[in-house]
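Trainee: Any chance you could fold what I've pasted below:
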Amino acid sequence: MRTGVLILLGWLAVVWAAPANETLSVLRVGSNTYSNVTVTSVSATDIFFTHGGGMGNAKLKQLSPEWQKHFGYNSKQAVAVEQRQAAANTQYHTQMVGQASSRPLAGESLVQVEGLTWSLDFPQALARARAANKMVLIDFTGSDWCPWCVKFDKDVLSTGRFAAYAESKLVLVLADFPNRAAQSDALKQANQELKRQFQVSGFPTLVVLNSSGQEIGRQAGYAPGGPDAFIAQLERSNRK
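Mentor: The predicted structure follows:
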């Protein structure tokens, strides 16, 4: 099952926890600088944290040698973990392909995951939303490399509670930006155009539109609270 693979991914990634709520005034990752940082956990490959702009993660290999030493980075161990993660990701995407719908509707590219139908064609999805007077939810995600995306998928989007709500209220659009999973050039271009259109700068980002295609809500990054909290957020957006 997909949940089993997600558990495996988490087990592979998490090696040790950082000191509880370790705080940093500034954390530099490559060309990016984060302020008011609170480290939540550290794996063999990544550091996970909150910061003044929300939640984030970064590769330890992108940190300065001083911070790598501070967080116990071991390059050989990191390579080994990344190889195991790649194998688990391959299994995960094989399962997703196995669940894909074999009957696209009216030429629209659709996939079914955990009983939910996700469109890969935004214009077609918006047309369906207008006809049914439903909201559109666009999930901008990095399904095979973004830990917060995988966690939000597991905690919210793959739950029966969310599926029941989505069935009656939403048309779902998946805009995936994987590192390893194969995509057609046309799909890559369409997702990039959608990312530019909605000015998405990080993953996961969930964008909510009304049936006319106007943005009425947005969640940038992971948000706790499970499906009930997310559904309540969607309902607030729907009342705008």
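Trainee: What is the neighbour count of Ser143?
Mentor: Using other Cβ atoms under 10 Å, Ser143 has 23 neighbouring residues. Using the backbone N, CA and C atoms, a C-beta is placed for each residue, glycine as well.
Trainee: right, and it touches Phe152 too?
Mentor: No. Counting by Cβ atoms under 8 Å, Ser143 stays clear of Phe152, with 11.0 Å between them.
Trainee: any chance you could map the helices in the chain?
Mentor: Listed in chain order, the helices of the chain (DSSP state H) span 2-13, 65-70, 75-98, 122-132, 147-152, 160-169, 185-197, 226-238.
Trainee: Comparing those by mean pLDDT, which bottoms out?
Mentor: Of all the helices of the chain, mean pLDDT reaches its minimum on helix 2-13 (a mean of 39).
Trainee: Now do Gln192 against Pro204, distance only.
Mentor: Using Cβ to Cβ, to the nearest Å, Gln192 is found at 17 Å from Pro204.
Trainee: So between the two, which is more surrounded?
Mentor: Pro204 (25 against 12).
Trainee: quick one, what contacts the closest residue to that one other than its chain neighbours?
Mentor: Closest residue in space to Pro204, ignoring its immediate chain neighbours: Cys149 at 4.3 Å, by Cβ to Cβ, 6 or more residues apart in numbering. For Cys149, the contact set (Cβ atoms under 8 Å, 6 or more residues apart in numbering) comprises 141-143, 203-204.
Trainee: So which of those belong to strands?
Mentor: Thr141 (DSSP state E).
Trainee: Quick check: mean pLDDT of stretch 49-57?
Mentor: 70.
Trainee: ok, the residue of the chain positioned farthest from its centre to Gly226 distance?
Mentor: Taking Cα atoms, centre = their mean, the residue of the chain most remote from its mean C-alpha position is Glu66, at 29.9 Å. In this view, Glu66 and Gly226 are 38 Å apart by Cβ to Cβ.
Trainee: any idea how the chain splits into domains?
Mentor: Per the record, the chain has its domains at 2-92, 99-238, by automatic domain parsing.
Trainee: and the ones you listed, which is most packed in?
Mentor: Counting by mean count of other Cβ atoms under 10 Å, domain 99-238 has the highest mean neighbour count of the domains of the chain, with a mean of 17.
Trainee: Just the terminal-to-terminal distance for stretch 218-225.
Mentor: 16 Å (Cα to Cα, to the nearest Å).
Trainee: any residues touching it, and which ones?
Mentor: By Cβ under 8 Å, 6+ apart, stretch 218-225 touches 54-56, 148, 151-152, 201-202, 204-208, 229-230, 233.
Trainee: Going by distance to Val171, which of these wins?
Mentor: Closest approach to Val171 among these (Cβ to Cβ): Val208, at 10.9 Å.
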